[in-house]
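**Q** Sequence and computational prediction follow.
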Amino acid sequence: MASEMQPNQDDSPKGGSEDNRRERAPIETPDFFEEELPDLREKLGWTQANVGQFFGVSKITAHRWEKHGDGETEARKAALRLVAECVDVSSVQGREVGDVLLDAGVVRAVTGALHRSPGVREGALDESIDWKRVFGVRDRLGWTQTEFALFLGVTHSVPAVWERPDTWESGENPLGSAVRAAILALDLSSDPGWPYHREPKSGWDDLKTRGLQAFYDEVLELRIDPSP
């Protein structure tokens, strides 16, 4: 069965011309970590350790993000913009928003925001992903590995690594929490079997050229209200 599902490992553009390199360049949005993260943390009442907790990384790693911009991926930036918007639209104070989101983590925050119900708890999922699911999402969308990489803001060769069964044999997740959240959101949004999660207004062919942030802008809504 695995051999039948094994994805094509060589669907990237051939050649090394400048045009091909430009086509492979990830879609990037403006910087966030060094410029806006300190102010956002203050609103949420988060320490750098809390940022690490939200993304499932160490305090040292989160410190490097904010100090030097290291690790500022498109998936993390898009998740932090969701958090910033949540602070702006929620009817509770920023620190209460921070507590709720910290308890949820990035994967549940993103998938909860995709659900048609308000809030972060209903519809939030934190499911594991393997190479078959990564391939299945990309295959359903009809995207090449290169297009998938550009959308997520990663190097064009990375999805080929994700879709190799041996990449997952160690038991460690090679995606990182923010990318796992993004792929789960794509899966839920594109699968008719999940009707309570929003679909984008734009077509998938349009979104693949605009990137993850454009997708999140169309489908994610997150607001924290007082507990009943």
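**A** Yep, it's here.
**Q** mind listing the helices for this protein?
**A** 2-5, 18-24, 33-44, 48-55, 59-68, 74-89, 94-114, 131-141, 145-152, 158-162, 177-190, 204-207, 212-219 (DSSP state H).
**Q** For my notes, please list those in TSV and give mean pLDDT, distance to R121 and mean neighbour count for each entry.
**A** All C-beta spots, glycine's among them, are computed from the backbone N, C-alpha and C. Formatted as TSV, those follow (pLDDT from 0 to 100; distance: least, C-beta to C-beta, whole Å; neighbours: other C-beta atoms under 10 Å):
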stretch	mean pLDDT	distance to R121	mean neighbour count
helix 2-5	40	34	8
helix 18-24	51	39	11
helix 33-44	84	18	16
helix 48-55	95	16	20
helix 59-68	86	25	16
helix 74-89	92	13	21
helix 94-114	94	6	22
helix 131-141	96	23	19
helix 145-152	96	26	24
helix 158-162	96	29	21
helix 177-190	96	16	24
helix 204-207	94	27	15
helix 212-219	95	18	20
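**Q** right, and those - which one's nearest S227?
**A** Proximity to S227 (C-beta to C-beta) singles out helix 94-114 among these, at 9.2 Å.
**Q** what inclination does that closest one have with respect to helix 33-44?
**A** Angle, helix 94-114 to helix 33-44, by axes from the mean of the first three to the mean of the last three C-alpha atoms, to 10 degrees: 110 degrees.
**Q** chain center to helix 94-114: distance?
**A** Taking C-alpha atoms, centre = their mean, to the nearest Å, one finds helix 94-114 lying 14 Å from the centre of the chain it belongs to.
**Q** on that earlier part again, so which of the helices of the chain comes closest to G123?
**A** Per C-beta to C-beta, nearest to G123 of the helices of the chain: helix 94-114, 5.7 Å.
**Q** Only C-alpha atoms, please: export that closest one in PDB.
**A** Only the C-alpha atoms of helix 94-114 are listed here, as PDB (Å, rounded to 0.1, in the frame of the first residue of the first chain):
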ATOM      1  CA  GLY A  94      -5.500  40.700  26.900                       C
ATOM      2  CA  ARG A  95      -4.100  38.700  29.800                       C
ATOM      3  CA  GLU A  96      -7.200  36.500  29.900                       C
ATOM      4  CA  VAL A  97      -6.900  36.000  26.100                       C
ATOM      5  CA  GLY A  98      -3.300  35.000  26.800                       C
ATOM      6  CA  ASP A  99      -4.300  32.500  29.400                       C
ATOM      7  CA  VAL A 100      -6.800  30.800  27.100                       C
ATOM      8  CA  LEU A 101      -4.500  30.700  24.200                       C
ATOM      9  CA  LEU A 102      -1.600  29.400  26.200                       C
ATOM     10  CA  ASP A 103      -3.800  26.600  27.500                       C
ATOM     11  CA  ALA A 104      -4.800  25.800  23.900                       C
ATOM     12  CA  GLY A 105      -1.500  25.900  22.200                       C
ATOM     13  CA  VAL A 106      -1.000  26.900  18.500                       C
ATOM     14  CA  VAL A 107      -2.500  23.800  16.900                       C
ATOM     15  CA  ARG A 108      -5.800  24.000  18.900                       C
ATOM     16  CA  ALA A 109      -5.900  27.800  18.500                       C
ATOM     17  CA  VAL A 110      -5.700  27.500  14.700                       C
ATOM     18  CA  THR A 111      -8.100  24.600  14.200                       C
ATOM     19  CA  GLY A 112     -10.500  26.200  16.700                       C
ATOM     20  CA  ALA A 113     -10.400  29.400  14.800                       C
ATOM     21  CA  LEU A 114     -11.200  27.500  11.600                       C
END
